[in-house]
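> pasting the structure only:
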C-alpha cells in the first residue's frame with residue numbers, strides 16, 4: 001500500500017470515510033482533461049485553417065472524453081446511484097475502454113500520417 005492509503009479526508013462534503021488518495025487522483029485527472037481541452041481550443045484559435053490544424057484532432061478529443069465519462073459513470077453508481085443494473089455498468093465500462101483504445105490507435109495513425117505526408121520538408 002502507498003502512503004496515502006490510510007489517510008482519510010476530514011468530515012465534510014464527501015462524507016466521513018473518503019480516502020484522500022482517491023480525491024487527489026480524481027482532481028488530478030480532471031485537471032489534466034481540462035488542460036488538454038484548453039490547449040486544443042488555444043491551438044484551434046491560433047491555427048483556424050484545415051491545412052494548419054486538421055479538424056480530425058478535435059474528433060479524437062471528443063471521443064476520448066466520451067470514453068472517459070463512460071468509464072467513470074458506472075463507478076459513481078456506488079456512491080448514490082447514477083445508472084442502471086450491473087449489466088449496464090459492465091456494458092458502459094467495456095464500451096468506454098473500447099472507445100479509449102480505438103482513440104489511442106486513431107491518434108497514433110493520424111499523427112504518423114501527418115508526419116509522413118508533411119509537405120514542408122526540403
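Yep, it's here. This is a predicted model, so every value here is computed, not measured.

> part of a helix, is residue 37?
Yes. Assignment of residue 37 by DSSP: H, G, I helix; E, B strand; the rest coil places it within a helix.

> excluding its backbone neighbours, what's nearest it?
Distances taken as CB to CB, 6 or more residues apart in numbering place residue 61 nearest to residue 37, at 6.9 Å, with adjacent residues excluded. Glycine gets a C-beta too; all of them are placed from N, C-alpha and C.

> so that neighbour makes contact with residue 36?
Yes. The pair residue 61 / residue 36 is scored as a contact, 7.1 Å apart, by CB atoms under 8 Å.

> so which of these two has more stuff around it?
residue 61 (17 against 13; other CB atoms under 10 Å).

> report the contact partners of the more buried one.
Neighbour list for residue 61: 36, 37, 40 [criterion: CB atoms under 8 Å, 6 or more residues apart in numbering].

> what would these look like in TSV with pLDDT and distance to residue 98?
Formatted as TSV, the contacts of residue 61 follow (pLDDT from 0 to 100; distance: CB to CB, whole Å):
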residue	pLDDT	distance to residue 98
36	87	21
37	88	22
40	86	23
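
> is it possible to export these to CSV including distance to residue 46?
Compiled in CSV, the contacts of residue 61 are given as follows (distance: CB to CB, whole Å):
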residue, distance to residue 46
36, 16
37, 15
40, 11
